[in-house]
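Colleague: Here is my input; please provide its structure:
(chains A and B)
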Amino acid sequence: MPGLLEGVKVLDLTHYIAGPYCTKLLSGLGADVIKIERLGEGDGVRWLGPYSSGSEIPSGGNAPEDGAWFLYLNTAKQSVALDLKSTEGRRVALELAAKADILVENFAPGGMDGLGLSYRELQLANPALVVTSISNFGQTGPYRDWKASELNLYALGGLMNITGEPEQEPLKEGMPLAQLGAGQNAFAATMAALMYAEETGEGQQIDLAIAEYATNILENALMQFSYSGQEYSRVGNRGYGRAAWGIYPCQDGHVGIIAGPDHRWPEVAKIMGREELSDPRFASRAGRLEHADEVDAYMLPYLIDNNKVDIFKAGQESGLGFSFVSTMQDILEMEQLLFREYFVELDHPVAGKLIYPGAPIMPENGVNAWVFRRAPLLGEHTCQALTSWLDYSDAQVSDLVQQGVLAQHEGV
Amino acid sequence: MQKPPERMPLKNYRVLDLSRIWAGPYCTKLFADMGAEIIKMESLSVYDSHRGPVTPAQGIAAYPDGEPGEEPWNRNGWFNCLHMSKYGVTLELTEARGRRVFEHLVSISDVLIENFRQGSLERLGYTYEEFRKHRPDLIYVSMPAFGNTGPWKGYLGYGIGQEQLSGMAHMTGYRGEGPMKSGINHGDPITGSHAAGVLMAALRHRRRTGKGMYIDVSQQESSVALMGPEVLAYQMTGEEPERRGNRSGWYAPANSYPCTGEDRWVTIAATDEEQWRQLTQAIGAAGLGADPRFATAEKRSENHDDLDKIISEWTSGQEAYQVTHKLQKAGVPAGPVLRGPDLLQDAHYNDRGTFVTVDHPQVGPKQYPGMPWRMSATPGQVRWPSPTLGQHNRDVYGELLGLTGPEIDQLEETEIIGTKPTGSRII
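Modeller: Alright, predicted model coming up:
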């Protein structure tokens, strides 16, 4: 069976990061995902480098096919180049929506209305349709129309205030995890609505706000204020209210030391080879916190003398949840990931062969839950998709191509 | 037990939830929000460590007003924000009678989920094959740190460690400085969310084929999946990703800037030329728009330090919300760095009902994160507060399993079930 979601039809009107990650999970699980892209330019994320062909945007004005972000976020999708702003383009989109089980979009709120594809119109065309709308702040509320990049979402979502050093500015994470995480949650929301629609025949609209997603995962940073009025502050690389719990330098990079629970602390002292760490003052979490700098000073000589993988394993072999800060190279060489055959190699006509992280979660082998296919070229599947979803004849398609409503990729 | 909600996507599914801390519980929280019946099972000897120690110190802010109270395990905000609308039971799986009750529960559940250290249930004799004897179409989600196979399978992992082992921490940090952890255990909700979606796909598959499945989740693989673009980028360029602080590799300016007040910041980004033009007009510094140092995104990126100085001068006399409103009016991405109190008072979140007040019997009314998204046909809501330890023993064992009063009494007397912890070990 080619994927758990074989036969599920998804009309994908997403672009950039959050929406495409949601539909990547759907296409990865075998859903038939038609990604609508603008003629000529395509998804804006195509224009974000780096590119396999070098660091510059290819000349000629054609949408790049080989940007790292596009390639990863759009695996196993089909690309249809369609002008949604034209009357005919809108008609085609509505016909596709009528055949779809799911429509996912991440236009700015009101963007779909402007295209004549409001939820009401989609619902009329297909009452069972699940419409997943992802936006920065949601479809309602005073910030609905605000503009935001990942940085602003991280700030407004509360995650930024708690990341970084207390004496320096608050910090966002390097990966756009607010957008990617919102895309993950949109996938779960979409699945829930699909289950409901299949049972009842009733579709619905999901309104998922990226900033709100961030507020949903603040953990104790929100709760301790709610419970006791105490604000959570930035603690740099130390665990909140903990010592010997965080990121430390080592010989060839950085490691994560997790000195707990208390009954495991003697193991830490043994690994670090320092009698001083067995001092009863450090035996409890509170004691270590009180003497955090002293504890660090006793640990550092061992850490600086040893490499990250050895430290990681020394901790783990003693039952401690040590870790290490992995580089991209470390990840590609990681013995655990290689043993589990996590990576897949995909060959792309422009980008060539690259190693991709595989399924985020892999059910047992017998199920064939995931499919692995490269990202599409812009407009690669225009004819094929319209023929298979809408029974269009070749003549109908070429007519629309001539009108400039559709474009079919001519191949590489 | 309450009647299941009438219009909820997952109301027909029962999940036996042995998971703890955050990764598994976040998955089942999303399920509870979608109307599934979650039976959260703990044991009196080792309960979910998010409940905190049996005898914690005074003054820890996770407890209401820093006061642990007589039953601290029922008053911890870490725990109480993750288990709303779930049923809570206790059971000792090391006792023969406990095991019989457990197996009975397995037989009436659609899903069993756990995130113990790899092999823990197997040591108790419970494998997928064994579970299937009790429930042939069970979906079993096993979620150890590194999965159930491979050289690291028995290793421990926390959300903070997954940030590092996935490469996320490698990319996070101030420019020119070392890697930095996030303020949360970010690996956990990432895995919980992936698991929720995949589990729904598995339930749908079962609905169509009648077949359950075994889902072996490696929390690490789930986190690395979000690093995909950088894994590809590295293969293309041969260069490891840079730590950029709050700046962007694609556009400039993007940064945080100081505002009036202590530790008050506003974030500003100009992602295209129009936004940059609007930003220069809002700042109003003479010649800024025409300054050749800032003529293109590339130039602005090269001269970001100079630009930051100019923008900081402009923001530092103003309040973060004030700057934000000014810039948003001009179409420039901006936002204040919100802190706990700001979030709970923010006009937008109040308007959307992002946070909800829930009255917990041992805590009183407090604010919590509400539904994770809005649904037009099945809006849903928080149905009840997080369960106290063993709160629903009688409901689940009596109503669901049909045990008699005396049978339940006996389980209580032998401390196989109960509402007071018998151990004090925190994992």
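Colleague: Just give the nearest non-adjacent residue to the residue in the stretch 1-150 of chain B that chain A sits nearest to, would you?
Modeller: Distances between the stretch 1-150 of chain B and chain A by Cβ to the nearest Cβ are smallest at residue B:77, namely 3.3 Å. Just so you know, the C-beta spots here come from the backbone N, C-alpha and C atoms, and that holds for glycine as well. Leaving out its chain neighbours, the residue that sits closest to residue B:77 by Cβ to Cβ, 6 or more residues apart in numbering or on different chains is residue A:223, at 3.3 Å.
Colleague: Which helix or strand lies directly C-terminal to the host helix or strand of that neighbour?
Modeller: Element membership for residue A:223, per DSSP states H and E: helix A:220-228. On the C-terminal side of helix A:220-228, the nearest following helix or strand under DSSP H and E is strand A:245-250.
Colleague: Show me what counts as buried in that following strand.
Modeller: A:245-250 (16 or more other Cβ atoms under 10 Å in any protein chain shown).
Colleague: Burial check on residue B:228, number of neighbours?
Modeller: Using other Cβ atoms under 10 Å in any protein chain shown, the number of residues around residue B:228 comes to 23.
Colleague: could you list every residue that touches it?
Modeller: Taking Cβ atoms under 8 Å, 6 or more residues apart in numbering or on different chains, we find residue B:228 in contact with A:72-73, A:356-357.
Colleague: same deal with residue B:254?
Modeller: Residue B:254 touches A:149, A:151, B:246-248, B:267-271, counting by Cβ under 8 Å, 6+ apart.
Colleague: Nearest to residue A:83 among the residues you listed?
Modeller: Nearest to residue A:83 out of these is residue B:271 (Cβ to Cβ; 24.0 Å).
Colleague: Residue B:278 is in contact with that closest one, correct?
Modeller: No: with contact defined as Cβ atoms under 8 Å, residue B:271 does not reach residue B:278; the gap is 11.4 Å.
Colleague: Could you look up the next helix or strand downstream of the helix or strand of chain B with the lowest mean pLDDT?
Modeller: Lowest mean confidence among the helices and strands of chain B (mean pLDDT, DSSP states H and E): helix B:159-165, at a mean of 91. Going down the chain from helix B:159-165, the next helix or strand is helix B:168-171, by DSSP H and E.
Colleague: Any idea how far that following helix is from the middle of the chain?
Modeller: Helix B:168-171 has its C-alpha centroid displaced from the chain centroid by 19 Å (Cα atoms, centre = their mean, to the nearest Å).
Colleague: cool, and stretch A:171-182?
Modeller: 8 Å.
Colleague: still on that earlier bit, contacts for the least confident helix or strand of chain B, please.
Modeller: A:239, A:245-247, A:254, A:256, A:258, A:321-326, A:334, B:21-23, B:145, B:157, B:168-170, B:172, B:179, B:181-182, B:184-191, B:219-220, B:223.
Colleague: Weed out the non-buried ones from those.
Modeller: Among the contacts of helix B:159-165, the ones that count as buried by 16+ other Cβ under 10 Å are A:239, A:245-247, A:254, A:256, A:258, A:321-326, A:334, B:21-23, B:145, B:157, B:168-170, B:172, B:179, B:181-182, B:184-191, B:219-220, B:223.
Colleague: Could you pull out the buried residues of the lengthiest helix in chain A?
Modeller: Across chain A, the longest stretch assigned as helix under DSSP state H is helix A:177-200. Of all the residues in helix A:177-200, those buried under the rule 16+ other Cβ under 10 Å are A:177-198.
Colleague: Same check on stretch A:378-385?
Modeller: A:378-383, A:385.
Colleague: For chain B, state which of those residues is nearest.
Modeller: Looking across those and measuring by Cβ to the nearest Cβ, the closest to chain B is residue A:378, at 18.1 Å.
Colleague: I'd assumed residue A:80 was in contact with that closest one.
Modeller: No: Residue A:378 is beyond contact range of residue A:80, at 9.5 Å (criterion: Cβ under 8 Å).
Colleague: list residues touching both of those two?
Modeller: By Cβ under 8 Å, 6+ apart, the residues touching both residue A:378 and residue A:80 are residue A:37.
Colleague: now the strands: where do they sit in the chain?
Modeller: No chain was given, so I picked chain A. A:9-13, A:32-37, A:78-82, A:102-105, A:130-135, A:204-209, A:245-250, A:253-258, A:323-324, A:343-348, A:352-357, A:362-363, A:406-407 (DSSP state E).
Colleague: oops, chain B please
Modeller: Counting by DSSP E, the strands of chain B are B:14-17, B:37-42, B:87-90, B:111-114, B:139-142, B:213-216, B:254-258, B:265-269, B:334-336, B:355-360, B:364-369, B:374-375.
Colleague: Parallel or antiparallel, which strands does the last one pair with?
Modeller: Strand pairing for strand B:374-375, using DSSP bridges, gives strand A:204-209 (antiparallel).
Colleague: Tell me the buried residues in the strand it pairs with?
Modeller: Per 16+ other Cβ under 10 Å, strand A:204-209 contains these buried residues: A:204-209.
Colleague: Quick check: the farthest pair among those residues?
Modeller: A:204 and A:209, at 16.5 Å, using Cβ to Cβ across these.
Colleague: give the contact list for the closest residue to residue A:201 other than its chain neighbours.
Modeller: Once flanking residues are discounted, residue A:201 sits nearest to residue A:128: 5.3 Å by Cβ to Cβ, 6+ apart. For residue A:128, the contacting residues are A:101, A:197, A:201-203, by Cβ under 8 Å, 6+ apart.
Colleague: Tell me the spacing between residue A:128 and chain B.
Modeller: Counting by Cβ to the nearest Cβ, to the nearest Å, the gap from residue A:128 to chain B is 11 Å.
Colleague: Now do residue B:341: how many residues are near it, please.
Modeller: Residue B:341 - counted by other Cβ under 10 Å - has 12 other residues nearby.
Colleague: and what of the one 5 residues further on?
Modeller: Residue B:346 is surrounded by 23 other residues when neighbours are defined as other Cβ under 10 Å.
Colleague: For the nearest residue to residue B:168 once chain neighbours are set aside, list the residues it contacts.
Modeller: In space, and not counting its chain neighbours, residue B:168 is closest to residue A:175: 5.7 Å by Cβ to Cβ, 6+ apart. Residue A:175 makes contact with B:168, B:171-172, B:226-227, B:230, according to Cβ under 8 Å, 6+ apart.
Colleague: just how off-centre is the helix holding residue A:223 within its chain?
Modeller: With Cα atoms, centre = their mean, you get 27 Å for helix A:220-228.
Colleague: pLDDT on it, on average?
Modeller: For helix A:220-228, mean pLDDT rounds to 95.
Colleague: Next, the angle from it to strand B:364-369.
Modeller: Helix A:220-228 and strand B:364-369 are oriented at 160 degrees to each other (axes from the mean of the first three to the mean of the last three Cα atoms, to 10 degrees).
Colleague: Next, count neighbours for residue 333.
Modeller: Just so you know, I chose chain A. Counted with other Cβ under 10 Å, residue A:333 comes out at 11.
Colleague: that answer is for a different chain, and I need it for chain B
Modeller: 25.
Colleague: gap between it and residue A:362?
Modeller: Using Cβ to Cβ, to the nearest Å, we find residue B:333 at a distance of 37 Å from residue A:362.
Colleague: give the contact list for the closest residue to residue A:306 other than its chain neighbours.
Modeller: The spatial neighbour of residue A:306 that comes closest, neighbours along the chain excluded (Cβ to Cβ, 6+ apart), is residue A:251 at 5.7 Å. With contacts defined as Cβ under 8 Å, 6+ apart, the neighbours of residue A:251 are A:303-308.
Colleague: what about the nearest residue to residue A:94 once chain neighbours are set aside, neighbour count?
Modeller: Nearest residue to residue A:94, sequence neighbours excluded (Cβ to Cβ, 6+ apart): residue A:125, at 5.1 Å. Each residue near residue A:125 was counted by other Cβ under 10 Å, and the total is 17.
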